[in-house]
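**Q** sequence? don't have it. structure:
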């Protein structure tokens with residue numbers, strides 16, 4: 001007879017993992033502007049980086065890195081709507097260290113480059129309460145931004 005390997009039932013382990021995943025997501029929400037990587041997030045909840053990535057994707061439908069970048073882009077959108085910071089200043093304010101990566105991810109999620117968004121958002125959200133503007137302009141996750149039809153002249 002082989003003894004059971006785990007002393008915890010599978011359901012109890014799953015609940016424990018979900019609680020740790022919520023802590024990771026909450027940390028990302030709070031500390032999005034800090035230098036975060038999957039290894040540091042995993043260490044904070046005593047998981048391996050691979051296990052954290054797999055479990056996070058199962059629970060939330062995207063990787064921890066993708067979730068972090070979405071949070072950063074959401075905040076960047078709010079800062080760009082204000083209009084008092086340059087795209088470069090916004091990039092660094094939200095925790096990105098590469099303007100190229102920031103611009104690429106922003107364009108993937110929002111459907112336009114940050115500079116174009118800054119120009120357009122100033123007009124579209126003028127006079128709108130910030131809480132409404134945030135909801136209306138929320139980025140779409142997982143590369144679901146609408147594609148632009150090519151303009152043929």
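**A** Cool, got the structure. Just so we're clear, the structure is a prediction, and the values are computed from it rather than from any experiment.

**Q** Mind jotting down where the helices sit in the chain?
**A** Listed in chain order, the helices of the chain (DSSP state H) span 10-31, 38-44, 49-60, 64-82, 87-93, 99-110, 114-124, 130-136.

**Q** I'd like those laid out as a markdown table, including mean neighbour count and mean pLDDT.
**A** (Glycine included, C-beta is placed from N, CA and C.) Putting those into a markdown table (neighbours: other CB atoms under 10 Å; pLDDT from 0 to 100) gives the following:
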| stretch | mean neighbour count | mean pLDDT |
| --- | --- | --- |
| helix 10-31 | 14 | 91 |
| helix 38-44 | 16 | 94 |
| helix 49-60 | 16 | 94 |
| helix 64-82 | 21 | 94 |
| helix 87-93 | 17 | 97 |
| helix 99-110 | 18 | 95 |
| helix 114-124 | 16 | 86 |
| helix 130-136 | 12 | 71 |
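
**Q** I'd say residue 109 and residue 72 touch.
**A** No. Using CB atoms under 8 Å, residue 109 makes no contact with residue 72, being 9.9 Å away.

**Q** Residue 21 contacts residue 56, doesn't it?
**A** Yes. Between residue 21 and residue 56 there is a contact at 5.7 Å, judged by CB under 8 Å.

**Q** Outline the domain layout of this structure.
**A** 12-64, 66-136 (automatic domain parsing).

**Q** Skip the chain neighbours and tell me the closest residue to residue 52.
**A** With sequence-adjacent residues excluded and distances taken as CB to CB, 6 or more residues apart in numbering, residue 52 is closest to residue 42, at 4.2 Å.
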